[in-house]
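Q: Sharing a sequence plus its predicted fold:
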Amino acid sequence: MEFVWFIFLPIVAAIIVPFLFRAIKNVHTGWFVLLVPVVLFIYYARFVKGILNGEVHISELPWIPSLDISFTAYMDGLSILFSLLITGIGALVVLYSIFYLDRRREKLNNFYVYLLMFMTAMLGIVQSDNTISLYLFWELTSISSFLLIGYWFTKDRSRFGALKSMMITVFGGLMMLGGFVLLSIMGDSYSIRELIANSSSIVGHDYFTLAIVLILLGAFTKSAQFPFYIWLPDAMEAPTPVSAYLHSATMVKAGLYLVARFTPVFATSEVWIWLVTGIGLLTLFWGSFFAVKQTDLKAILAFSTVSQLGLIMSLLGASAVAYHVTGEQAAIFKVAAFAAIFHLINHAMFKGSLFMVAGIVDHETGTRDIRKLGGLMSIMPISFTVAFIGSMSMAGLPPFGGFLSKELFLTSMLSLREFNLFNFDTWGIVFPVVAWIASVFTFTYSFYFVFKTFNGKCQEHALPKKPHEAPLGMLLSPIILAIAVVAIFFIPNMVGKAFVNPAVVAMQAGLYAHPDDIGIQVSAWHGWTPELMMTIGIIAVGALLFITMKRWQKLYDIQPQYFSLNALYDSLMVFGETGMNRLSRFYMTGLIRSYLIYMFFFIVTITTGALFIQDAFSVDMDSFSPVNAYGIMTAIILIIAVCMVLFAKTRLAAIIALGGVGYSVALFFVIYKAPDLALTQLVIETVSVALFLLAFRYLPSLKNHGETRKIRLGNLLISAAVGVTVTLVALSAHSQKLIPSISQYYKDTVFTEAAGGNIVNVILVDYRGFDTLFEIAVLAIAGIGVYSMIKLRLSRKEKSDESE
Amino acid sequence: MKANDVILQTATKVVFFIIFLFSIHIFFAGHFAPGGGFVGGLLTTAAIVLLLLAFDLKTVQQALPFNFMIVVAIGLLLAIGMGAGSFVFNVPFLTHAFGDFYLPLFGETSLHTAMIFDAGVYLVVVGSTITMIQSIGGES
């Protein structure tokens, strides 16, 4: 079977989940859901070997072929790595959630449906070769994460966090779509592979920089980069399995994936390198600095995720430098790409386990407030061990995986000084300095997280629950991840060969021919290098900061609440609501008359304006049909009927006169040989007069609505203008014969193609069947609208009657 | 107030069926002569409106015990289902097929899938217009 179908496996499984939840009460629904990521993981694992040898797989599913849009799944080193992370961590998270979420109290059917939906969306992002389908899946992750963050929707904070994350990520997604459209204009394709192949023709195009900025907006919002990171801490209102999955291992990495994927297209741009590296580094510093301020366990982790994402982002930016240098120098810069992917794997492992531990602590003690916690080491020894391993990896200490990737990170940042393009030779020194400072804070918050929670004195009276070790099932997933963290340290080159190298080849297309060409060897002991010196410095200063934390933490109070990005977001939202409200109240008067005036006014100005600008008025008197006596008579009747409508004193008279107008139009159709239209018009006129009569019973008698002479004059002007416009448009349309009329085509093909004799009907049901389909849908909606409006009003009336 | 409209009621009883049959005729004739689902549906509506005018709402509801909202739903499903049926044959949405068949009683007849679509239009038109009229008229 084509592997593109497997992307949709989770969402198909999601259809069954609610039924399972209802039917089988005794078994936790999670056990069934667990099958999906496990099956997918095993399935994707089969690809690893082939991709190791430089193979790529393509599987296509046409979607809108006429617009060159398809679900094309593309499996190379980058896709396979992400797919394995999504399904692998996904499986562990589902396993964890089985013990975390109570099957009797939680709405598991909702939870797993959203989670599976999310899984499909993520797999779709990382495997899409088509930018449009990538965008589709991208927004699907925003929507499913919105639903997951708001899972406990009765809590205000959950709803706030869900909305915030959606506002920001969807904004970025829309910008990204714009970037994709520009890319497709420049590269003449929606396929990412073709865009990479055409990248030389894209460079230097007028839209090039704009496309970079737009696409990076998408990546930065999704990956919580500065200043868009503010949604991530609020997203921590989600259940912990969600935080572990979406907000550390997968969704937030979608932005990194996007940057990695588009590196070959944009690497030649100065803007790209500066933006990605700079924003990444800024985020790294910002996140690590503010993580120490937090008091909620999950908030610390959220800020640490922000900073780690920034770290990987800056590495991705540095990896683009490799496209600008050749020869021996190139080897130095090629480390960055390797480091980025390697750290991405490490981060998924240790952060996943840390989130799960935070959830365990929350679950077993009832609080996540680090000020109340402490001394849990002896009560929860296994959780402590896992947390310790995760934190030390995060701090970048041996013998844990994080140490290796952090050393590589420092190497890459140091090497940026050597780059002598785009002002890097003068500004390059900033990179290692900021990286070092940020790493110091990373060290501090890692210690802060683990030792404030598990070390010290236990304040049992402050805890809502009596703490005890979590059940084994809940510990299983974090333990597996912790083992992986340690294992990576001892077998870095195996991980590098199997996962990192193929991903780097995919990410830096064109630089390598085969995954084996990369040849970066990771070693735990790399001699007395500057990196090692920096690490020793980090440990020394970080430990000092951790010990003296109480003294300098006051620094954070300097920044006033109202001067933060969160406050900016809040005021933007408030302004949006009140401002728009005021704007709409300004023109929504509640009078249909006003709305009609707006509409007619715009129709007249836009149509006549456009026609004048285009110089499209032309009246050709010669081609008119001859007017016969019947026509003149009907016209006279029509005019009389219209005047009667205008001067009618009662509604009944007005309706009858209006009917007269309709019937005379029908007569015109008869005279000009359009029996079909005439028939329809006649019946419609009959039914609508009946409807009018029904409605008119409930209307107050016709009276003057305080219309002054001025308003009447305005109405007269507008109606006259509309009449003139429509007449002019009709005359010009009739006179312009730039393109041959389509009617001949219908005449020729109506019998051969559709085997019909009545062109009108064939057009309705066949040639323009889509129109008709949507028209009847509109009709149905109108019917339901009328029904519900009247029934609603009735039931409200009954209610008020009862209360009286 | 109860109006004495014996003549209207008696005439309606006959005329209703004439209009209804005519609407059916116009619906089927639509592919070759003036007519079709839209007009046919409107004509049926007109016939029902006549019933409503001659008798009161309750009597008509007893005589035609349909929920017209469901008629709308059936119509939409027919139209969409007919369009989606084309997926089975791997052709674009709403592709129609037709052919000549020999049917007993009717003889040589041309049958179209477009007619199923048109029947959907017919049902939606009847359903939604009657829904509107019934809900507006049934308010008091």
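A: In hand now; what should we look at?

Q: ok, the closest residue to chain B within the stretch 701-804 of chain A to residue B:129 distance?
A: Scanning the stretch 701-804 of chain A for the residue nearest chain B gives residue A:783, at 2.9 Å (criterion: Cβ to the nearest Cβ). In this view, the C-beta of every residue, glycine as well, is placed from N, C-alpha and C. Distance of residue A:783 to residue B:129, computed by Cβ to Cβ, to the nearest Å: 7 Å.

Q: quick one: low-confidence parts of chain B?
A: Applying pLDDT under 70 to chain B picks out residues B:1-4, B:139-140.

Q: 90 - rerun?
A: B:1-10, B:12-13, B:26-39, B:46, B:49-69, B:78-118, B:129-140 (pLDDT under 90).

Q: That one: helices as residue ranges?
A: Using DSSP state H, the helices of chain B run over B:6-29, B:37-54, B:57-63, B:68-88, B:114-137.

Q: Which one, of these, ends up nearest to chain A?
A: By Cβ to the nearest Cβ (comparing all of the helices of chain B), the closest turns out to be helix B:114-137, at 2.9 Å.

Q: Can I get that closest one in PDB, CA atoms only?
A: Taking C-alpha atoms only, helix B:114-137 is exported to PDB below (Å, rounded to 0.1, in the frame of the first residue of the first chain):
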ATOM      1  CA  ALA B 114     -29.200  14.100 -14.100                       C
ATOM      2  CA  MET B 115     -32.800  13.400 -13.200                       C
ATOM      3  CA  ILE B 116     -31.900  12.100  -9.800                       C
ATOM      4  CA  PHE B 117     -30.000  15.400  -9.200                       C
ATOM      5  CA  ASP B 118     -33.100  17.300 -10.500                       C
ATOM      6  CA  ALA B 119     -35.300  15.300  -8.100                       C
ATOM      7  CA  GLY B 120     -33.100  16.500  -5.300                       C
ATOM      8  CA  VAL B 121     -33.600  20.100  -6.500                       C
ATOM      9  CA  TYR B 122     -37.400  19.400  -6.600                       C
ATOM     10  CA  LEU B 123     -37.500  18.100  -3.100                       C
ATOM     11  CA  VAL B 124     -35.400  21.000  -1.700                       C
ATOM     12  CA  VAL B 125     -37.500  23.600  -3.400                       C
ATOM     13  CA  VAL B 126     -40.800  22.000  -2.100                       C
ATOM     14  CA  GLY B 127     -39.400  21.400   1.300                       C
ATOM     15  CA  SER B 128     -37.900  24.700   2.100                       C
ATOM     16  CA  THR B 129     -40.700  26.900   0.600                       C
ATOM     17  CA  ILE B 130     -43.400  24.900   2.400                       C
ATOM     18  CA  THR B 131     -41.300  25.100   5.600                       C
ATOM     19  CA  MET B 132     -41.100  28.900   5.300                       C
ATOM     20  CA  ILE B 133     -44.800  29.200   4.500                       C
ATOM     21  CA  GLN B 134     -45.900  26.900   7.300                       C
ATOM     22  CA  SER B 135     -43.700  28.600   9.900                       C
ATOM     23  CA  ILE B 136     -44.800  32.100   8.900                       C
ATOM     24  CA  GLY B 137     -48.400  31.100   8.500                       C
END
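
Q: confidence score at the closest residue to residue A:306 other than its chain neighbours?
A: Nearest residue to residue A:306, sequence neighbours excluded (Cβ to Cβ, 6 or more residues apart in numbering or on different chains): residue A:287, at 3.5 Å. Here, the pLDDT recorded for residue A:287 equals 90.

Q: Run through the residues that contact residue A:287.
A: Shown in contact with residue A:287 (Cβ atoms under 8 Å, 6 or more residues apart in numbering or on different chains): A:226, A:229, A:303, A:304, A:305, A:306, A:307, A:308, A:309, A:310.

Q: helix or strand for it, which one?
A: Using DSSP states H and E, residue A:287 sits in helix A:270-291.

Q: okay, the angle between the helix or strand following that helix and helix A:270-291?
A: As assigned by DSSP H and E, the chain's next helix or strand after helix A:270-291 is helix A:297-319. Counting by axes from the mean of the first three to the mean of the last three Cα atoms, to 10 degrees, helix A:297-319 lies at 160 degrees to helix A:270-291.

Q: Now the helix holding residue A:287: buried residues?
A: A:272-273, A:275-291 (16 or more other Cβ atoms under 10 Å in any protein chain shown).

Q: Excluding chain neighbours, give the residue nearest to residue B:97 in space.
A: residue B:113 (5.0 Å).

Q: For that neighbour, give me its contacts.
A: B:82, B:85, B:96, B:97, B:98 are the contacts of residue B:113 under Cβ under 8 Å, 6+ apart.

Q: what number of residues lie near the closest residue to the third one other than its chain neighbours?
A: By the measure of Cβ to Cβ, 6+ apart, the closest residue to residue B:96 outside its immediate chain neighbours is residue B:114, 4.5 Å from it. Close neighbours of residue B:114, defined as other Cβ atoms under 10 Å in any protein chain shown, add up to 26.

Q: rewinding a little: how many residues are close by the residue of the stretch 701-804 of chain A closest to chain B?
A: By the criterion of other Cβ under 10 Å, residue A:783 has 24 neighbours.

Q: again with residue A:514
A: 12.

Q: Tell me the spacing between it and chain B.
A: Between residue A:514 and chain B the computed distance is 40 Å (Cβ to the nearest Cβ, to the nearest Å).

Q: Ok, residue A:342 next?
A: Residue A:342 is 46 Å from chain B, by Cβ to the nearest Cβ.

Q: Wait, a helix at that residue?
A: Yes: assignment of residue A:342 by DSSP: H, G, I helix; E, B strand; the rest coil places it within a helix.

Q: Wait, it touches residue A:404, no?
A: Yes: applying Cβ atoms under 8 Å, one finds residue A:342 in contact with residue A:404, separated by 7.0 Å.

Q: Mutual contacts of the two, please.
A: Joint contacts of residue A:342 and residue A:404 (Cβ under 8 Å, 6+ apart) are A:492, A:522.

Q: Phi first, then psi, for the residue nearest to residue B:97.
A: phi -70, psi -20 (degrees, to the nearest 10).

Q: same deal with residue B:56?
A: Torsion angles, degrees, to the nearest 10, at residue B:56: phi -100, psi 170.

Q: got it, and the one 10 residues further on?
A: Note on residue B:66: backbone dihedrals following degrees, to the nearest 10 are phi -110, psi 150.

Q: okay, now it: neighbour count?
A: Residue B:66: 12 neighbours (other Cβ under 10 Å).

Q: Quickly note the distance from it to chain A.
A: Taking Cβ to the nearest Cβ, one finds residue B:66 at 14 Å from chain A.
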